[in-house]
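K.L.:
A structural model of the following input is requested.
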Amino acid sequence: MREWRLVTGLLAALLMMGCESSDQDGNFWSQQDNAAPAAAPAANENNQGGAQAQAADAGGDAAATAGDEAPFSAFRFSYGGFNGSGARLSAPRIANLRISGGNLSYSWAGPTLSAWGMGNSQADAICCLFVMNDAGQWIGGKFDWISTSRTSRSLSHVTGGYGGWSLRGVPNPCQAAFVIIDAKGSRRSNVIAGTWQR
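P.N.:
So this is what the prediction gives:
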């Protein structure tokens, strides 16, 4: 029995060597790997960061909404005095939106704001919240500044009328979505969503 395993192992090794040597450049596996990446991101919608974020930063359209839990293109920047509607998906990845009462929290699921050259406690990115109103529209906008070190924010600006914020016509509970945008309004994280019980 031991000899049979040895013979089987040798045959498998010879077969693998035959596959590799049959390739023109002598490396069968690198040829296979080079053909696959284009299709891999589309097949894996949960892919966080990596090649999709790089494609988005480079202006590629394939990753325009990768990882979004709500449609960024439907967001109306109505409040906060900031319009980030032209922001393109970039490297930072967030997840696990928890929102209730007057607080919001999330976690980092991939690259942080360091991908935009920001230090851990450098609060130079903008928090944007959107809520679905009675008419089925996503309304909202800027409500605070944020850094990588801050994974929770008070919603007192939203409920207190900062920058024109109003929850008139917004049901309770409501659908809510959160996104982080750079101060120039050109790059953004993915969008995370949940239900807000006020």
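K.L.:
Leu104: neighbouring residues, count only.
P.N.:
The number of residues packed around Leu104, counting by other Cβ atoms under 10 Å, is 23. For every residue, glycine as well, the C-beta is placed using N, CA and C.
K.L.:
which residues sit against the helix or strand hosting it?
P.N.:
Assigned by DSSP states H and E, Leu104 falls within strand 103-108. If you take Cβ atoms under 8 Å, 6 or more residues apart in numbering as the criterion, strand 103-108 is touched by 92-99, 129, 148, 151-155, 178, 192.
K.L.:
same thing but 10 Å
P.N.:
Contact partners of strand 103-108, identified using Cβ atoms under 10 Å, 6 or more residues apart in numbering, comprise 48, 92-99, 127, 129, 143-144, 146, 148, 150-156, 158, 176, 178, 180, 189, 192, 194, 196.
K.L.:
got the buried residues for it?
P.N.:
Buried residues in strand 103-108, counting neighbours by 16 or more other Cβ atoms under 10 Å, are found at Leu104, Tyr106, Trp108.
K.L.:
and stretch 131-146, average pLDDT?
P.N.:
Model confidence over stretch 131-146 averages 98 on the pLDDT scale.
K.L.:
before we move on, back to that, looking at the contacts of strand 103-108, which are in helices?
P.N.:
Using DSSP state H, the subset of the contacts of strand 103-108 located in helices is Ser156, Val158.
K.L.:
buried subset of the contacts of strand 103-108?
P.N.:
Buried members of these, counted by 16+ other Cβ under 10 Å: 48, 92-94, 97, 99, 127, 129, 143-144, 146, 148, 150-151, 153, 155, 158, 176, 178, 180, 189, 192, 194, 196.
K.L.:
among those residues, which ones are in strands?
P.N.:
Using DSSP state E, the subset of the buried ones among the contacts of strand 103-108 located in strands is 94, 97, 99, 127, 129, 143-144, 146, 153, 176, 178, 180, 192, 194, 196.
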